[in-house]
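Undergrad: Pasting the sequence and the predicted model now:
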Amino acid sequence: MAVAFVQNVNFNEGAGDGVLSGTFGSTPVAGNAIAVASWGNGNGGAIGYNTTAVTDNKGNSYTRAVVQENANRGAAGYFALNIVSSARFTVTMDVSDTTSVDIWCSATEFSGVATSAA
């Protein structure tokens, strides 16, 4: 099966506490994958994309695939494979900079992705 885009949800927060979340419009399909991309400005400090920054309300485990930060800007990517799913699927990003963060996230569901990392 080829990898295919299913749906996407975008969410952002301006100068808040570094916690933001978005809910998919349709329930993701169990067994699919969720990829989360995030980018932002720490307004004077590192954003702090820690390894546990992404969670969801279904208990799926997200792996940080890539992170790039400098003095006050950054971007990161996370993924969860073979997800557990049910109605009202919400993804949350919680970064360690809790003073003043402008941050944007995009969570995307894909089908046809391997169910475990190689």
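TA: Thanks, I have it.

Undergrad: Work out which residue lies at the spatial centre of this protein.
TA: Val36 (3.2 Å; C-alpha atoms, centre = their mean).

Undergrad: I'd like the distance from the helix or strand where that residue lies to the chain centre, please.
TA: Taking DSSP states H and E as the definition, one finds Val36 inside strand 33-41. Strand 33-41 has its C-alpha centroid displaced from the chain centroid by 4 Å (C-alpha atoms, centre = their mean, to the nearest Å).

Undergrad: Which elements pack onto that strand?
TA: strand 73-80, strand 90-94, strand 101-111 (3 or more C-beta pairs under 8 Å, 6 or more residues apart in numbering; DSSP states H and E). The C-beta positions use only the backbone N, C-alpha and C, and glycine is treated the same way.

Undergrad: coming back round to it: show me what contacts the residue nearest to the centre of the chain?
TA: Going by C-beta atoms under 8 Å, 6 or more residues apart in numbering, Val36 touches 54, 62, 77-79, 91, 93, 105-108.

Undergrad: can we see that at 7 Å?
TA: 54, 62, 77-78, 91, 105, 107 (C-beta atoms under 7 Å, 6 or more residues apart in numbering).

Undergrad: Can you tell me the strand partners of the lengthiest strand in the chain and which way each runs?
TA: With secondary structure taken from DSSP state E, the chain has its longest strand at strand 4-16. Strand 4-16 has the following strand partners under DSSP bridges: strand 101-111 (antiparallel).

Undergrad: got the angle for the strand it pairs with vs strand 33-41?
TA: 160 degrees (axes from the mean of the first three to the mean of the last three C-alpha atoms, to 10 degrees).

Undergrad: of all the contacts of Val36, which comes closest to Ala4?
TA: For these, the minimum distance to Ala4 (C-beta to C-beta) is 16.1 Å, reached by Ala107.

Undergrad: For the closest one, name its beta-bridge partners.
TA: Bridge pairing for Ala107 - DSSP bridges - gives Val9, Val36.

Undergrad: I'd assumed Asn32 was in contact with it.
TA: No - with contacts counted by C-beta atoms under 7 Å, Ala107 stays clear of Asn32, the gap being 12.0 Å.
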